[in-house]
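Asks: Fold the following and give me the result.
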Amino acid sequence: MANIQDGRATAGLAAVENVTKALRYTQVPRTIRTYTMSATTGTIAAALAANSTVLALRMSPSAAALQAFITRVRLMYTTIVAYTTPVTAGRRLGLYRGAGAAASGGTAVADFTQKDASAPASQCAAGQGGDARIATTLGLTVTGITYETQPIVEAPLVHVGAAGAFADYTFEFDMLPHPIVLSAGQLLAVRNPAAMDAAGTWTLTAIVEWHEALALSSTTADS
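Replies: Alright, predicted model coming up:
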């Protein structure tokens with residue numbers, strides 16, 4: 001077998017078969033190790049402060065060889081006690097990506113459903129160095145986490161101020177245009193960009209679906 005070097009860096013090598021002269025390559029599967037997480041908050045207290053985190057799913061900071069590809073998120077919201085103002089512009093939840101430390105508080109989700117029972121444990125599971133948790137009555141503690149400024153998607157809750165009001169949002173992040181990608185130490189979070197109104201309490205059920213696959217990339221920049 002021969003090696004072809006690109007001349008720019010020693011890392012830029014291409015392996016070529018002697019007989020066929022075909023270029024050797026690595027095929028990276030993107031549909032293996034599939035997982036689902038489902039969790040429900042407690043009754044979130046009234047007047048939740050803006051930018052509180054009610055759900056956090058973190059990829060293990062040691063999982064440098066893998067990435068998590070989020071393909072689907074479903075949020076099911078229910079008002080328990082009516083808000084002081086039933087209809088409020090700007091009341092909403094948002095899906096954000098962050099990085100840094102793990103969240104704390106709330107209720108930890110220790111493990112997830114493996115769609116393929118033979119697959120290894122998720123790198124988002126606590127046993128593998130990841131972390132997943134959901135709020136009980138207040139937002140999670142997020143010291144050391146930096147969130148991206150722009151939410152990935154938002155779910156409006158303008159119209160659900162009455163007791164028993166329900167909202168159901170499903171967000172699909174398929175290969176087109178692209179799944180949400182979490183690298184080692186990054187997390188996916190549900191937050192409220194604006195403060196929730198007085199008196200109103202609520203619960204949220206979240207379902208997250210993803211798969212994990214090798215994170216291979218070139219070590220030499222192409223131009």
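
Asks: rest of the way, CA atoms for contacts and neighbours
Replies: OK.

Asks: Which strands and helices lie in contact with the longest strand seen in the chain?
Replies: In the chain, with assignment by DSSP state E, the single longest strand is strand 66-81. Where contact means 3 or more Cα pairs under 8 Å, 6 or more residues apart in numbering; DSSP states H and E, strand 66-81 is packed against strand 166-172, strand 180-182, strand 201-214.

Asks: Quick check: can you name the pairing partners of it and their directions?
Replies: Strand 66-81 sits in its sheet next to strand 166-172 (antiparallel), strand 180-182 (antiparallel), strand 201-214 (antiparallel), going by DSSP bridges.

Asks: Would you mind saying which of these lies nearest Ala82?
Replies: Closest to Ala82 of these is strand 201-214 (Cα to Cα; 7.1 Å).

Asks: Now do that closest one: distance to the chain's middle.
Replies: 7 Å (Cα atoms, centre = their mean, to the nearest Å).

Asks: next one: stretch 199-207
Replies: Relative to its chain's centre, stretch 199-207 lies at 19 Å (Cα atoms, centre = their mean).

Asks: if we can go back for a sec, to Thr141, which of the helices and strands packed on strand 66-81 lies closest?
Replies: Closest approach to Thr141 among the helices and strands packed on strand 66-81 (Cα to Cα): strand 201-214, 17.7 Å.

Asks: The closest one: which residues count as buried?
Replies: For strand 201-214, a neighbour-count test (16 or more other Cα atoms under 10 Å) marks Thr201, Trp202, Thr203, Leu204, Thr205, Ala206, Val208, Glu209, Trp210, His211, Glu212, Ala213 as buried.

Asks: Under the pLDDT cut-off, which ranges of the protein? List them.
Replies: Along the chain, segments meeting pLDDT under 70 span 1-14, 23-32, 175-177, 216-223.

Asks: any idea which residue sits dead centre in it?
Replies: By Cα atoms, centre = their mean, the mean C-alpha position of the chain lies nearest to Leu188, the distance being 3.0 Å.

Asks: what's the distance between it and Ala63?
Replies: Taking Cα to Cα, to the nearest Å as the measure, Leu188 falls 16 Å from Ala63.

Asks: Spatially nearest residue to Tyr77, not counting backbone neighbours?
Replies: Of all residues not flanking Tyr77 in the chain, Leu204 sits nearest, at 4.6 Å (Cα to Cα, 6 or more residues apart in numbering).

Asks: Could you verify my assumption that the one you found touches Thr78?
Replies: Yes: using Cα atoms under 8 Å, Leu204 makes contact with Thr78 at a distance of 6.5 Å.
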